[in-house]
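Trainee: Provide a 3D model corresponding to the input given below.
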Amino acid sequence: MNLFLIILEIICILFLVVFATVCLVSFIENRRLSIAKYQIEDTTIPRSFSGFRIVHLTDMHNATFGKDNEVLLNKVKDLKPDIIVITGDMLVGIPDSDVYIAAKTMNSLTDIAPVYFSMGNHELRISRYIDKYGDMWERFINELSPDIHKLFDTSEVIEKNGERIYLHGLTLTPKLYTRLKDIKMPKKHLKKRFGKCKNNEFHIFLAHNPDYFNDYATWGAKLTFSGHVHGGIMQVPFLGGVISPKLAIFPKYDKGLFEISNKYMILSGGLGNHTIKFRINNLPEIILATLNNSEDSKAYKIK
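Mentor: Predicted coordinates:
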């Protein structure tokens, strides 16, 4: 009996040590920022856009890096982006949570480069379920600078020297964020919102949920920026992210670069957290994607 109690005590101590270590590592990682750089090459990228730099931010969830997010803003500024794209969940979808941290940060980004913003699931539910969230969405939108391009199921054209690329911001329905189930996107969902894609043009999707990458690529998006998964909370070597918001274990799309038929998705691990605050081997990240005109279609991460 005494031996059993000793073993049990040792196990409890080891558990507490491991738990404390995980908490400490997570605390440190949540306050550090990493930068992931990617090169995207394609024949449909106009020559005027060779060298075009896109910074991608997502899933901030009211996180702060320095006073007024000055560390984050300085890192973005140092990357010298031509545009900044945001794929949602800058807020936290909890009633009465702060809306001004995200708004102030996004407004400050407009001093660096044009900002294009599409919704995540947290903005979606705050904007739709007024009975639960009150005026949170109204206060957030009213606080945002008019210089921010709000792509809520809408598109914009970016021109240089008479040449164009196209940005599309997708607002998914709440059903398409269902947990524990694989919900298929309706066949004409994207065509109804953005029309028919011309294959000889370069189209970029800002789409918060990466689970529908096949639909984005099938529609014709050459490049998709996504978030939502937070890198799977913890990155395990050779296995990837551990869990997704849909509660899928080791999800197919967790973090990094993915490809379907020469169409690419850059999936960010995001900047913050909301419910599960842990990050292990999974630093908050800023994405830099550089476009280049090329005879071949390829994408790769720059080390």
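Trainee: show me what contacts the spatially most central residue of the chain?
Mentor: By C-alpha atoms, centre = their mean, the mean C-alpha position of the chain lies nearest to residue 227, the distance being 2.6 Å. For residue 227, the contact set (C-beta atoms under 8 Å, 6 or more residues apart in numbering) comprises 58-59, 87-89, 120, 208, 210, 267-268, 270. C-betas here are computed from N, CA, C, even on glycine.
Trainee: send over stretch 63-76 as CSV, restricted to the C-alpha atoms.
Mentor: Output of stretch 63-76 as CSV, limited to C-alpha atoms (Å, rounded to 0.1, in the frame of the first residue of the first chain):
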residue,chain,number,x,y,z
ALA,A,63,-4.0,39.6,-28.6
THR,A,64,-1.5,42.4,-28.0
PHE,A,65,2.2,42.4,-28.7
GLY,A,66,3.6,45.5,-27.0
LYS,A,67,1.7,48.6,-26.1
ASP,A,68,-1.0,49.3,-28.7
ASN,A,69,0.4,46.3,-30.6
GLU,A,70,3.4,48.4,-31.5
VAL,A,71,5.6,45.2,-31.8
LEU,A,72,3.2,43.7,-34.3
LEU,A,73,2.9,46.9,-36.3
ASN,A,74,6.6,47.5,-36.5
LYS,A,75,7.2,44.0,-37.8
VAL,A,76,4.6,44.4,-40.4
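Trainee: buried residues in it?
Mentor: If you call a residue buried by 16 or more other C-beta atoms under 10 Å, then stretch 63-76 has these buried ones: 63-65, 69, 72-73, 75-76.
Trainee: that older thread, quick check: phi and psi at the residue nearest to the centre of the chain.
Mentor: phi -150, psi -120 (degrees, to the nearest 10).
Trainee: give me the pLDDT value at it.
Mentor: For residue 227, the pLDDT comes out at 97.
Trainee: how about the one 3 residues further on?
Mentor: Here, the pLDDT recorded for residue 230 equals 95.
Trainee: then residue 1?
Mentor: So, for residue 1, pLDDT stands at 56.
Trainee: and for the one 3 residues further on?
Mentor: Confidence at residue 4, expressed as pLDDT, is 71.
Trainee: phi, psi for the nearest residue to residue 66 once chain neighbours are set aside please.
Mentor: Leaving aside its chain neighbours, residue 66 sits nearest to residue 72 (7.1 Å; criterion: C-beta to C-beta, 6 or more residues apart in numbering). Geometry field for residue 72 lists phi and psi as phi -60, psi -50, criterion degrees, to the nearest 10.
Trainee: could you do residue 47 as well?
Mentor: Dihedral angles (degrees, to the nearest 10) for residue 47: phi -60, psi -30.
Trainee: coming back round to it: out of the contacts of residue 227, which are inside strands?
Mentor: The strands, defined by DSSP state E, take in residue 267 from these.
Trainee: tell me the contacts of the residue nearest to residue 66?
Mentor: Taking C-beta under 8 Å, 6+ apart, one finds 33, 65-66, 105, 271, 286 in contact with residue 72.
Trainee: which of the residues you listed fall in helices?
Mentor: residue 105 (DSSP state H).
Trainee: now the contacts of residue 72 as JSON lines including pLDDT and distance to residue 133?
Mentor: Below are these laid out as JSON lines (pLDDT from 0 to 100; distance: C-beta to C-beta, whole Å):
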{"residue": "33", "pLDDT": "94", "distance to residue 133": "29"}
{"residue": "65", "pLDDT": "95", "distance to residue 133": "26"}
{"residue": "66", "pLDDT": "94", "distance to residue 133": "28"}
{"residue": "105", "pLDDT": "98", "distance to residue 133": "20"}
{"residue": "271", "pLDDT": "97", "distance to residue 133": "22"}
{"residue": "286", "pLDDT": "98", "distance to residue 133": "28"}
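Trainee: from the contacts of residue 72, which is closest to residue 135?
Mentor: Distances from residue 135 to the contacts of residue 72, taken as C-beta to C-beta, are shortest for residue 105 (20.4 Å).
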